[in-house]
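**Q** Sequence plus the predicted model coming up.
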Amino acid sequence: MNDFHNLPVQKKFSILQTDKLALQKWYHLMVLGRILDEKAPNYLKQAIGWSYHAPYAGHDGIQLAIGQIFNREKDHLFPYYRDLLTNLSAGLTADEIILNGISKSNDVNSGGRHMSNHFGKPAWNIHNVSSSTGNHTLHAAGVGRAIKYYKSDGVAICSQGESSVSEGYVYEAINGASTEELPVIFVFQDNGYGISVPKKDQTANRKVANNFLGFKNLRVIHCNGKDVFDSMNAMTEAKNWVIENQKPCIVQANCIRIHSHSNSDRHDLYRNEVELNYVREYDPLAKFKRLLLRYDRLSLEEINEIEAKAKDEVKLAHQFALHSPDPDPKSIYDFVYTDPFVSVKYPDGIQKTEGTGSKKKLIEAINETLKAEFTLNPDTFIWGQDIANKEKGGIFNVSKGLQKEFGKKRVFNGPIAEDFITGTANGMSRYSKKIRIVVEGAEFADYFWPAMEQFVEMTHEYWRTNGQFAPNVTIRLASGGYIGGGLYHSQTIEGSLVCFPGIRIVYPSFADDAAGLLRTSLRSEGPTLFLEPKALYNSPVAATTVPDDFEVPFGKARIRRSGQDLTIVTYGNTTHLSIQVADRISRDNGFEIEVVDLRSLIPLDKESILNSVRKTGKVLIVHEDKVFGGFGGELASIISDEAFEYLDAPIRRVGSEFTPVGFNRILEAAILPNENKIYEAAIALLKY
Amino acid sequence: MKKIAIVYSFNSVKSAKVASKIAEHLSGYTIVKLNVENCNAKEFILYDGYILSVPTWFDGELPNYWDEILPALDDLEMTGKKVALFGLGDQKNYPENFCDAVGILGDFFEEKGAKLIGYTSCDGYTFESSKALRENVLIGLLLDQENQSKLSDDRITKWVQQLELEFS
């Protein structure tokens, strides 16, 4: 255990020392917050909105303090869903609180898209965070990395309830902040309950922050979150220490929950009257008021004046919010995707001089494109597991040489924590729009599942913030089988990921497309999932010439082979199998098959698919993923909906069997699609 | 005769009962009961010795009535005055901060120059940590009415006898 935990907290604030203007301001904020907190349930009762409300009463001291130490010019604040007073104290107005509560289009956090009681103001770096408890800890760690890299003297402040610390990714975030020595303050607002679950059921320590006492480079401060001065002293100490030492700090604030968890909870079902009286006895607002009067810091007249002013403010804010416009249902498709980089040189993503020059393997194309983009944009970063150590550059050496060329601050290893790798990318990209991040989301796509929660988060950001923030992140995943890898080194997981609006998904089959799509990903805003068929990294069939400046726009399929008798729609590993089958059938049977290589799954080039189907009248969909539940089902449905009258045969699909992929090569061959399976399906269709 | 103030919250129930028992049994001194909830520094400083009642609230905090009076007592000069502390706590449910408030208040008055008396043995208690524990000795009388109520009377009696000597 380090000695930081025993350092004294400077007692800068007290009822006697704090200047009167500050006391007046704080009392005003606290009264204003309470009026809003107590008024919120009425909106639901009147069917106006605010259907989710998590009252903050009992957290008054720490929430006031978080907001007071936040500097919108330099800091980044990640409040959670109980942080009404935190937001007010950080500068939001009563109008802005109510607009979020009743989900109006001029809600500064999300334009009515995000749940009520999720306050924020991205324009001021008060971030719009998920309802998924504690997941913003990873974003705070990520932006902390940027604050440190760019040598800002700000801090990231992350706030959450004590029960959400049970989430594994919170430990990942604090571990990462400790390892990288990041300027982040993690505030645990401890009211003793996670909805109805007492904290003794969450972890063995009553003070969960003490679980982290053994983490190096980390300081833990405990404070009374019900008390304004103790909270102000703790947060001020934490911020000064974090900035000075460039290390993380946990502030655990002991709070009380005066009311139920939310308006869908009834705490009288699990808390007795003795306990409820006990917590009411220590109402932080009442205590603060008593102190102000007892020590003659404010007169009763001054207090009454502040209370009256706050009431008037809420009345006006209420009227303003009620007359504010609701979101327009026509706007639902706004801000799902950012506008991508537009290629002027290669609008169709096809080489003009294909066939000349020496061929490059797919792995070389990715490696060289990364290096070119890292040279072009100094604000690019890459990290992942096993990604950089001397001559090693990723499990497949795709990133070989990057660290040597661009340094350890831009190219570095992450811990074996996929959610951390992905979540901190989201966080770091919040620091500046110019930043571009590439992550190897996992050693293999098979290991990406722990990052799913952050993947979903990444898909939500742009829409949920009403266009105010999109993480500029390219997630690379070595995907698919055909390497004898078994169940955990063969998965291709796009079928599970295409159902999340908000992320582009590309899956190249050839070196030039890999280079072009990667370049476009790195020049676009917003997240892209870049799936790499690892069996093709060094395969001669995927090698092509690659112009140095090659670009492939999103959503442009490529006709890899023309034909008029049958369309094969495919991508990834099976593009090559399909081309080989098409060549064989042409040779042996005289039919000409058109092979459409999708390259992008989202956005999807429907027109190229439909044009081909209209021409051939028959379609075979081939992908490596399982047939059942695979992306081919969507393709089949689109074709059926939009080109049914052109079809002369049923749509057929070839893909993996509905089993995991076996390790023994005999099993692998029986499970994955192969030339024979494609051949048989194609012949059946051609003869239909 | 020396004047000893027993300071506690008149609104409390369990602590008030203990305070009454102590007042009843402590002989040889003039005992005055002070309500911490509405006491001020001028009233507080009048005594030769003090017996302070401080239960521990939440995870190791002072009750609000002590928290709120401390700024008023911050400038007191307590040199030459003796302070004994007792506190109620729950060592089973709050083993990490059993009777912490006794330690917090003890530190405060020691800083003002007071001499703490009424130290007791930690034998017979089971807890993980306490701010009332210094080098294996408790700096006051800790009472656990939730889990060891049968031991309390005996503990109070012995402590009062000890105080009669130490206040002299």
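**A** Structure's in. What do you need? No experiment lies behind these values; they were computed from the predicted model shown.

**Q** in what helix or strand does B:Ser15 lie?
**A** helix B:14-25 (DSSP states H and E).

**Q** With only the CA atoms kept, save the following helix or strand past that helix in CSV.
**A** As assigned by DSSP H and E, the chain's next helix or strand after helix B:14-25 is strand B:30-35. This file holds the C-alpha atoms of strand B:30-35, laid out as CSV (Å, rounded to 0.1, in the frame of the first residue of the first chain):
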residue,chain,number,x,y,z
THR,B,30,-20.3,18.3,40.8
ILE,B,31,-21.9,16.9,37.7
VAL,B,32,-23.7,19.1,35.2
LYS,B,33,-25.5,17.7,32.2
LEU,B,34,-25.0,19.7,29.0
ASN,B,35,-27.1,19.4,25.8
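
**Q** Now tell me what touches strand B:30-35 from outside.
**A** Around strand B:30-35, the neighbours that count as contacts under CB atoms under 8 Å, 6 or more residues apart in numbering or on different chains are B:1-10, B:19, B:23, B:43-44, B:47. Where you see a C-beta, it was placed from the backbone N, CA and C, and this is true even at glycine.

**Q** for the residue of the stretch 301-450 of chain A found nearest chain B, what are its contacts?
**A** Nearest residue of the stretch 301-450 of chain A to chain B, counting by CB to the nearest CB: A:Ile303, 16.2 Å away. Counting by CB under 8 Å, 6+ apart, A:Ile303 makes contact with A:Tyr27, A:Lys289, A:Leu292, A:Leu293.

**Q** Apart from its chain neighbours, what residue comes closest to the last one?
**A** Yep, that's A:Leu293 we're talking about. What sits nearest to A:Leu293 in space, not counting adjacent residues and going by CB to CB, 6 or more residues apart in numbering or on different chains, is A:Leu300, at 6.6 Å.

**Q** Ok, the third one next?
**A** With CB to CB, 6+ apart as the measure, A:Leu298 is the residue that lies nearest to A:Leu292, at 4.4 Å, once sequence neighbours are left out.

**Q** Check A:Lys677 too.
**A** According to CB to CB, 6+ apart, the nearest residue to A:Lys677 is A:Val654 (5.3 Å).

**Q** A helix includes B:Gly106, no?
**A** Yes - assessed by DSSP: H, G, I helix; E, B strand; the rest coil, B:Gly106 belongs to a helix.

**Q** I figured the residue nearest to A:Lys677 hits A:Asp625, correct?
**A** No - when contacts are counted by CB atoms under 8 Å, A:Val654 is not listed as touching A:Asp625 (10.9 Å).

**Q** List the contacts of A:Ser260.
**A** By CB under 8 Å, 6+ apart, the contact set of A:Ser260 is A:Pro55, A:Arg266, A:His267.

**Q** Quick one: buried ones out of these?
**A** A:Pro55, A:His267 (16 or more other CB atoms under 10 Å in any protein chain shown).

**Q** Tabulate the contacts of A:Ser260 in JSON lines, adding columns for pLDDT, secondary structure and distance to B:Leu138.
**A** Below are the contacts of A:Ser260 laid out as JSON lines (pLDDT from 0 to 100; DSSP: H, G, I helix; E, B strand; the rest coil; distance: CB to CB, whole Å):
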{"residue": "A:Pro55", "pLDDT": "97", "secondary structure": "coil", "distance to B:Leu138": "39"}
{"residue": "A:Arg266", "pLDDT": "92", "secondary structure": "coil", "distance to B:Leu138": "41"}
{"residue": "A:His267", "pLDDT": "92", "secondary structure": "helix", "distance to B:Leu138": "36"}
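
**Q** as a whole number, average confidence for stretch A:185-205?
**A** Averaged over stretch A:185-205, pLDDT sits at 95.

**Q** Report the buried residues of that stretch.
**A** Buried residues in stretch A:185-205, counted by 16+ other CB under 10 Å: A:Ile185, A:Phe186, A:Val187, A:Phe188, A:Gln189, A:Asp190, A:Asn191, A:Gly192, A:Tyr193, A:Gly194, A:Lys199, A:Gln202.

**Q** Show residues contacting the helix holding B:Ser15.
**A** With CB under 8 Å, 6+ apart, helix B:14-25 has contacts from B:6, B:8-10, B:31, B:33, B:51, B:53, B:55, B:86, B:88, B:143, B:145, B:152-153, B:156-157, B:159-160.

**Q** What mean pLDDT does it get?
**A** 96.

**Q** Isn't the residue nearest to A:Leu293 up against A:Arg290?
**A** No - the criterion here is CB under 8 Å, and A:Leu300 misses it with A:Arg290 at 11.8 Å.

**Q** how about the longest helix seen in chain A, does it reach chain B?
**A** Longest helix in chain A, counting residues (DSSP state H): helix A:20-45. No - using CB under 8 Å from any CB of the partner chain, helix A:20-45 never reaches chain B; the gap is at least 13.1 Å.

**Q** tell me which strands and helices that helix is in contact with?
**A** Contact here means 3 or more CB pairs under 8 Å, 6 or more residues apart in numbering or on different chains; DSSP states H and E; on that basis helix A:20-45 packs against helix A:60-69, helix A:84-90, helix A:94-101, helix A:284-294, helix A:300-322.

**Q** So which of the buried residues of stretch A:185-205 reach chain B?
**A** Residues of the buried residues of stretch A:185-205 in contact with chain B (CB under 8 Å from any CB): A:Asp190.

**Q** farthest pair in the buried residues of stretch A:185-205?
**A** A:Ile185 and A:Tyr193 (23.0 Å; CB to CB).

**Q** ok, back up a step: using neighbour counts, trim the contacts of helix B:14-25 to the buried set.
**A** B:6, B:8-9, B:31, B:51, B:53, B:55, B:86, B:88, B:143, B:145, B:152, B:156, B:159-160.

**Q** Off-centre distance for the helix holding B:Ser15?
**A** Centroid displacement of helix B:14-25 relative to its chain, using CA atoms, centre = their mean, to the nearest Å, is 11 Å.

**Q** then it to CSV, C-alphas only?
**A** Output in CSV follows, covering the C-alpha atoms of helix B:14-25 (Å, rounded to 0.1, in the frame of the first residue of the first chain):
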residue,chain,number,x,y,z
LYS,B,14,-29.5,5.0,24.3
SER,B,15,-26.7,7.5,24.8
ALA,B,16,-28.8,9.5,27.2
LYS,B,17,-29.5,6.5,29.3
VAL,B,18,-25.7,5.8,29.6
ALA,B,19,-25.1,9.4,30.4
SER,B,20,-27.6,9.2,33.2
LYS,B,21,-26.0,6.1,34.6
ILE,B,22,-22.6,7.7,34.7
ALA,B,23,-24.0,10.9,36.3
GLU,B,24,-25.7,8.7,38.9
HIS,B,25,-22.6,6.7,39.8
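
**Q** Buried residues, that helix. List them.
**A** For helix B:14-25, a neighbour-count test (16+ other CB under 10 Å) marks B:Ser15, B:Ala16, B:Val18, B:Ala19, B:Ile22, B:Ala23 as buried.

**Q** Among those, pick out the one closest to chain A, please.
**A** B:Ser15 (13.9 Å).

**Q** For the closest one, which non-adjacent residue is closest in space?
**A** Excluding its sequence neighbours, the residue lying closest to B:Ser15 (CB to CB, 6+ apart) is B:Ser53, at 4.7 Å.

**Q** can you pull the contacts of that neighbour?
**A** B:Ile6, B:Val7, B:Tyr8, B:Ser9, B:Ser12, B:Ser15, B:Ala16, B:Val18, B:Ala19, B:Val36, B:Phe86, B:Gly87.
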